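S.K.: This is a predicted model, with the sequence first.
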Amino acid sequence: MSSLDGRKHRLIVRNVDQNDEAIYTCMVNDLIKSSSVLSVNKDVPLRIVRGLFDMHVPEHSHGVQLVVELNKILHSQNYLMRWFVNKQEVTESEEYTIGIENNKAVLSILREILFTLDNNSRVEFKIQELRAGVHHVELESGCTLTVESTQRRFFSKKLDNFIQWDSGVHLDLEARVNFEPSSIQWFKNHTLLSPGQKFALINDLKNRSFLLRINDCTAKDSGIYTIDLDGLNCSCQVKVVDTPLKFVQKLQDTFFD
């Protein structure tokens, strides 16, 4: 590689390994030359240059790849490399291929990615270098696979079908979904609710969590509560029980010497 004015010349040796040890010479116009020795340090410890990172993958994807980059060219006879999905070791199959590309270890998921099967899957890579027949310290990297569902649905939490609650305390009703709704509405017995002294609406758009807080519950707050998120809805029947005032723990006589 030469500069535009022809004054600088450069040779780039990519992915250097022990086979690249040699004397390199640059000759210009058969008139002048310069040489240097390239020595490769054989004792550089193995390290991960770029590890796994959490991924968001659309549902129904195919050929998803997970890549770990290391600081050395990988030869299968010199390294013990293993991949795990949800703590189960995976091997070459119709679902997975395991490969090496120079200094990169690659796991490819061949099958279709499914929300119900793959969401929140934990993927881990582990590697040990073999020197003189001895495996050295194991390195590892991991990530979480989040599947973005193409179908709108309640995510990890939806309203319970029935809740019985004591009067005098607040009650939180929470739902989480896998999309960002533009319309968020709460109803009690089909009547739209508005925030105020009785009801607080708490929306966490980042975590897609939507909460209705009923303050100082009384028997009058019993009813069917519904959340509607862009047409996706679920309901919960709430029954508030009047709890008579009573001592949970009474005073006891105390004696001091």
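M.R.: Thanks, I have it. Residues are numbered from 1 along each chain as shown.
S.K.: Quickly list what the closest residue to Val28 other than its chain neighbours is bridged to.
M.R.: In space, Val28 comes closest to His9 once its chain neighbours are excluded; the distance is 7.0 Å by CB to CB, 6 or more residues apart in numbering. C-beta coordinates here come from the backbone N, C-alpha and C atoms, glycine included. Counting by DSSP bridges, His9 forms beta bridges with Ser2.
S.K.: if I read this right, His9 contacts Met27, doesn't it?
M.R.: No: contact between His9 and Met27 fails when scored by CB atoms under 8 Å: they sit 9.7 Å apart.
S.K.: sorry, back to before: please determine how far the residue nearest to Val28 is located from Asp20.
M.R.: His9 sits 18 Å away from Asp20 when distances are taken as CB to CB, to the nearest Å.
S.K.: cool, and Ile113?
M.R.: From Ile113 across to Asp20, the span is 39 Å (CB to CB).
S.K.: The two - which one has more neighbours?
M.R.: Using other CB atoms under 10 Å as the criterion, Ile113 and Asp20 rank with Ile113 on top: 20 against 14.
S.K.: can you pull the contacts of that one?
M.R.: Ile113 makes contact with Val57, Pro58, Glu59, His60, Ser61, His62, Val64, Val147, according to CB atoms under 8 Å, 6 or more residues apart in numbering.
S.K.: Buried among those? Make that a PyMOL selection.
M.R.: Remark: buried members of those, expressed as a PyMOL selection using 16 or more other CB atoms under 10 Å:
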select buried, resi 57+59+64+147
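S.K.: what two of the contacts of Ile113 are the furthest from one another?
M.R.: Greatest spatial distance in these: His62 and Val147, 13.1 Å, computed using CB to CB.
S.K.: Quick one: the helices in the stretch 51-200 of the chain, in order.
M.R.: Assigned by DSSP state H, counting those that start in this stretch, the helices in the stretch 51-200 of the chain fall at 115-118.
S.K.: thinking again about what came up before, among the contacts of Ile113, which ones are in strands?
M.R.: Counting by DSSP state E, the part of those found in strands is Val57, Pro58, Val64, Val147.
S.K.: Throw the residues you listed into a markdown table and include pLDDT and distance to Asn178, thanks.
M.R.: Output for the ones in strands among the contacts of Ile113, formatted as a markdown table (pLDDT from 0 to 100; distance: CB to CB, whole Å):
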| residue | pLDDT | distance to Asn178 |
| --- | --- | --- |
| Val57 | 90 | 13 |
| Pro58 | 87 | 12 |
| Val64 | 94 | 18 |
| Val147 | 86 | 9 |
